[in-house]
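[1] Just the structure for this:
(one chain, ligands or ions: 3)
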Amino acid sequence: MADKIKDAKIIFVVGGPGSGKGTQCEKVVAKYGYTHLSSGDLLRAEVASGSERGKTLQAIMQKGELVPLDTVLDMIKDAMIAKADVSKGFLIDGYPREVKQGEEFEKKIGAPCLLLYIDAKGETMVKRLMKRGETSGRADDNEETIKKRLDLYYKATEPVITFYTSRGIVRKIDSELPVDEVFGHVAKAIDDLK
Ligand SMILES: Nc1ncnc2c1ncn2[C@H]1C[C@H](O)[C@@H](COP(=O)(O)OP(=O)(O)OP(=O)(O)O)O1
Ligand SMILES: Nc1ncnc2c1ncn2[C@H]1C[C@H](O)[C@@H](COP(=O)(O)O)O1
Ligand SMILES: [Mg+2]
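    Ligands and ions are numbered 1, 2, ... in the order given. Prediction:
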């Protein structure tokens, strides 16, 4: 595994629910051709498959809680292996959600060269998610679950930013700006890697 992805860049994309991670990842894919792997999307695909495991996952996600580390890490690892021969970069969106996830990822897969910290105010994230919920079909885009996801983000995921800041790989991106302006800063952070 380590061998197969040795030339690929690994970028963690971390930020609160609705901060704009997925939106920015799509634009990175369009400009740089990197592989976008969203842990939430992988989990939702498992739910959509109708499997027994998917049913268990859905119950957890509907409550705004985190699914077990091994489940999500195995999914990401399998998806990375599937793309290892062709991918020049991986955007790992929505992972790590807690410091332990980052540590386990590094043990089993490799080290990130950059963490894009997509930062928006709590009230902005709630507004965006409520709006997205009008059309997304996501079971967790409702007022009650959004509050739980936000609380969990501040409690469990913000320490991830502190952890990687000490490593010097965090770029904080102001996601209060219009999408294209946010992307300008994201692109600068990626270009600075070269
Ligand atoms: N800079 C922006 N300005 C205005 N709206 C934005 C901006 N970025 C994203 N949005 C919109 C698009 C979506 O409807 C919504 C949430 O964005 P999205 O990229 O899906 O967030 P996310 O991937 O961080 O959320 P989640 O963690 O729930 O998956 O906000
Ligand atoms: N990295 C993750 N660890 C545990 N649980 C996760 C992870 N990524 C997504 N999930 C679960 C819990 C989240 O509330 C939902 C939706 O994720 P999102 O990144 O908002 O699409 O999935
Ligand atoms: Mg997303």
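[2] interface residues of the protein facing ligand 2?
    17, 38-40, 43, 61, 64, 66-67, 72, 94-95, 97, 101, 140, 149 (Cβ under 6 Å from any ligand atom). All C-beta spots, glycine's among them, are computed from the backbone N, C-alpha and C.
[3] Quick check: the two most widely separated of these?
    Q101 and D140 (18.7 Å; Cβ to Cβ).
[4] In this protein, what residue comes closest to ligand 2?
    Nearest residue of the chain to ligand 2: G40, at 1.9 Å (Cβ to the nearest ligand atom).
[5] How about the contacts made by that residue?
    M61, D93, G94 (Cβ atoms under 8 Å, 6 or more residues apart in numbering).
[6] Check whether the second one really touches S39, as I assumed.
    Yes: using Cβ atoms under 8 Å as the test, D93 is close enough to S39 to be in contact (7.0 Å).
[7] who has more neighbours, these two?
    D93 (25 against 22; other Cβ atoms under 10 Å).
[8] Over to that one: give its phi and psi.
    Note on D93: backbone dihedrals following degrees, to the nearest 10 are phi -100, psi 120.
[9] so who does it touch?
    V13, K21, G22, C25, H36, L37, S38, S39, G40, D41.
[10] Show me these that map onto helices.
    Using DSSP state H, the members of these that fall in helices are K21, G22, C25, S39, G40, D41.
[11] Among the residues you listed, which ones lie close to ligand 1?
    Near ligand 1, by the rule Cβ under 6 Å from any ligand atom, you find K21, G22, G40 out of these.
[12] Could you let me know which of those ends up closest to K108?
    G40 (19.7 Å).
[13] Would you check how far apart that closest one and G54 are?
    Distance, G40 to G54, by Cβ to Cβ, to the nearest Å: 13 Å.
[14] Likewise for H36?
    Distance from H36 to G54, by Cβ to Cβ: 21 Å.
[15] Quick check: G89 touching A8?
    Yes: taking contacts as Cβ under 8 Å, G89 lies within contact range of A8: 5.8 Å.
[16] now the helices for the chain?
    21-32, 39-48, 52-62, 69-83, 99-108, 122-132, 143-152, 158-165, 179-191.
[17] Quick one: work out the angle between the second one and helix 99-108.
    Between the axis of helix 39-48 and that of helix 99-108 there is an angle of 90 degrees, by axes from the mean of the first three to the mean of the last three Cα atoms, to 10 degrees.
[18] Next: the longest one.
    Relative orientation of helix 69-83 and helix 99-108, computed by the same axes, to 10 degrees: 40 degrees.
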